[in-house]
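Asks: below are the sequence and a predicted model for it; my questions follow.
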Amino acid sequence: MNIEGKAWRTIGLQEGGEAVWVIDQTLLPHRFETRSLRSLEDAAVAISTMVVRGAPLIGVTGAYGLMLALQRDPSDGALAAAFEQLNATRPTAVNLRWALERVRDRVAPLPEAERAAAAQAEAGAIAEEDVAMCAAIGDHGLAIFRELAAARPPERQGQPFNVLTHCNAGWLATVDWGTALAPIYKAHRSGLKVHVWVDETRPRNQGASLTAYELGQEGVPHTVIVDNAGGHLMQHGQVDAVIVGTDRTTRRGDVCNKIGTYLKALAAFDNKVPFYVALPASTIDWSIDDGVAEIPIEARSEREVTQIQGQLTPAGGTSSGGNEAPGHLATVQLTPTGSRGFNPAFDVTPARLVSALITERGVAPASEAGLRELYTG
Ligand code: MRU
């Protein structure tokens with residue numbers, strides 16, 4: 001997708017494959033900078049500090065992290081240790097384990113001298129497949145949007161189709177296109193008038209900082225709202241559909257996504273607003289059934305709750321006296337000194353609240369039968 005009119009992806013090889021570049025998402029939307037990952041350690045830190053984030057992109061970064069590890073030491077021991085280190089960086093998104101297993105299983109039977117090159121090829125294949133899957137999700141989602149838009153009452157025809165999304169499941173969370181935002185980009189490009197309500201997504205504000213940035217760069221009309229506004233908008237008929245991504249979907253269709261997704265699903269259910277979840281196959285965890293009981297939920301630092309990062313405005317100041325120049329990125333404290341924070345990063349939306357799953361293979365009910373029909377039928 002585009003930044004300042006130039007097409008970008010979120011990750012790629014550099015220096016003949018000796019390093020990997022990524023976009024530093026901790027600086028967006030205020031600064032666009034890329035960063036080089038040159039070692040296993042660099043890749044692990046980039047994932048855990050959320051320089052890269054979003055389930056599919058975490059997976060691809062992990063795959064390249066194994067490549068970087070094998071370039072230094074292709075032994076069985078190093079492979080196993082690198083796998084463990086990368087897999088421990090973020091526990092919830094199953095795409096990470098999926099991508100690491102794919103690279104490990106590809107390289108493990110090979111002689112040591114061939115492993116790094118094979119890891120590079122496999123990581124590249126995972127990245128390319130991700131792009132294709134997201135583009136296909138976009139096509140399937142677009143068909144749904146078109147149907148819903150056409151079914152609106154005559155007085156609402158011609159008005160923008162209002163979609164609400166939570167967190168960032170756009171191209172920055174994948175290699176390109178995104179999952180939940182892919183149908184929105186396809187709708188916008190194909191001339192369907194679309195407007196997006198962007199949940200800010202506390203505590204890290206992926207909606208306000210990343211989704212709003214992406215949509216703005218693509219020229220998609222959007223409005224940032226506080227996380228608590230969605231229910232109110234739905235009650236007043238201002239949301240035609242909700243669409244979100246997922247970090248792990250169980251075989252029966254329970255969906256784990258950014259904290260706050262569950263509340264949006266409840267509000268959508270109460271207001272009869274369709275609630276869609278967009279996902280590639282790599283996000284399905286066939287080994288588990290009950291998302292609430294079985295999905296490990298990452299608990300992140302309480303500082304992400306008690307503090308907030310932003311760019312100083314011309315009139316801005318900081319708790320240190322306001323001497324920094326406008327444009328400076330600053331972190332400020334929100335809470336009283338001494339108040340504790342608690343920061344579960346994800347929650348689980350039960351399948352019964354999900355109108356449908358939009359995958360690269362098509363649209364399915366959120367149920368084991370629905371998923372099996374798509375993937376094994
Ligand atoms: O903590 P993050 O920013 O990695 O969380 C991202 C999300 O919750 C996304 O919705 C999810 O990974 C799907 S991305 C296509």
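Replies: Ah, there it is. Numbers count the residues shown, from 1 in each chain.

Asks: residues touching the spatially most central residue of the chain, list them.
Replies: A centroid search over the chain (C-alpha atoms, centre = their mean) returns residue 54, at 3.1 Å, as the residue closest to the centre. Residues counted as contacts of residue 54 (C-beta atoms under 8 Å, 6 or more residues apart in numbering) are 168-169, 172-174, 245. Every C-beta, even on glycine, is put in place using the N, C-alpha and C of the backbone.

Asks: give the closest residue to whatever residue of the stretch 151-300 of the chain ends up closest to the ligand in space, chain neighbours not counted.
Replies: Going by C-beta to the nearest ligand atom, the ligand is nearest to residue 245 of the stretch 151-300 of the chain, at 2.8 Å. Distances taken as C-beta to C-beta, 6 or more residues apart in numbering place residue 169 nearest to residue 245, at 2.6 Å, with adjacent residues excluded.

Asks: for the stretch 251-377 of the chain, which residues are neighbours of the ligand?
Replies: Selection of the stretch 251-377 of the chain residues close to the ligand by C-beta under 6 Å from any ligand atom yields 257-258, 345.

Asks: could these go into TSV alongside neighbour count and secondary structure?
Replies: Shown next, in TSV, are these (neighbours: other C-beta atoms under 10 Å; DSSP: H, G, I helix; E, B strand; the rest coil):
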residue	neighbour count	secondary structure
257	29	strand
258	25	strand
345	18	coil
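
Asks: filter the contacts of residue 54 down to the buried ones and hand me the PyMOL line.
Replies: In PyMOL syntax, the buried subset of the contacts of residue 54 is picked out as below (16 or more other C-beta atoms under 10 Å):
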select buried, resi 168+169+172+173+174+245
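
Asks: quick one: the strands in the stretch 251-377 of the chain?
Replies: 255-258, 275-278, 284-285, 307-311, 329-333, 346-349, 356-359, 362-364 (DSSP state E, counting those that start in this stretch).

Asks: circling back to that earlier point, the residue of the stretch 151-300 of the chain closest to the ligand touches residue 177, doesn't it?
Replies: No - the criterion here is C-beta atoms under 8 Å, and residue 245 misses it with residue 177 at 11.7 Å.

Asks: stretch 73-90 vs the ligand: in contact?
Replies: No - Stretch 73-90 lies out of reach of the ligand by C-beta under 6 Å from any ligand atom, never closer than 7.1 Å.

Asks: what is the subsequent helix or strand relative to the helix or strand that contains residue 85?
Replies: Using DSSP states H and E, the element containing residue 85 is helix 76-87. Sequence-wise, the next helix or strand downstream of helix 76-87 (DSSP H and E) is helix 94-107.

Asks: between that following helix and helix 76-87, how big is the angle?
Replies: If you take axes from the mean of the first three to the mean of the last three C-alpha atoms, to 10 degrees, helix 94-107 sits at 170 degrees to helix 76-87.

Asks: residue 132: neighbouring residues, count only.
Replies: 14 (other C-beta atoms under 10 Å).

Asks: need the contact list for it.
Replies: Residue 132 neighbours (C-beta under 8 Å, 6+ apart): residue 360.

Asks: phi first, then psi, for it.
Replies: Note on residue 132: its backbone torsions stand at phi -70, psi -40 [degrees, to the nearest 10].

Asks: per-residue pLDDT of it, please?
Replies: With respect to pLDDT, residue 132 scores 98.

Asks: and what of the one 3 residues further on?
Replies: For residue 135, the model assigns a pLDDT of 98.

Asks: within the helices and strands, which one has it?
Replies: helix 112-150.

Asks: quickly check: that helix near the ligand or not.
Replies: No - judged by C-beta under 6 Å from any ligand atom, helix 112-150 makes no contact with the ligand; its nearest approach is 7.9 Å.

Asks: now that helix, how far from the centre of its chain.
Replies: In terms of C-alpha atoms, centre = their mean, to the nearest Å, the centre of helix 112-150 is found 13 Å from the chain centre.

Asks: so that helix versus helix 76-87, what angle?
Replies: Helix 112-150 and helix 76-87 are oriented at 20 degrees to each other (the same axes, to 10 degrees).

Asks: now helix 112-150: buried residues?
Replies: Here helix 112-150 shows 115-120, 122-124, 126-127, 129-131, 133-138, 140-142, 144-146, 149 as buried, counting by 16+ other C-beta under 10 Å.
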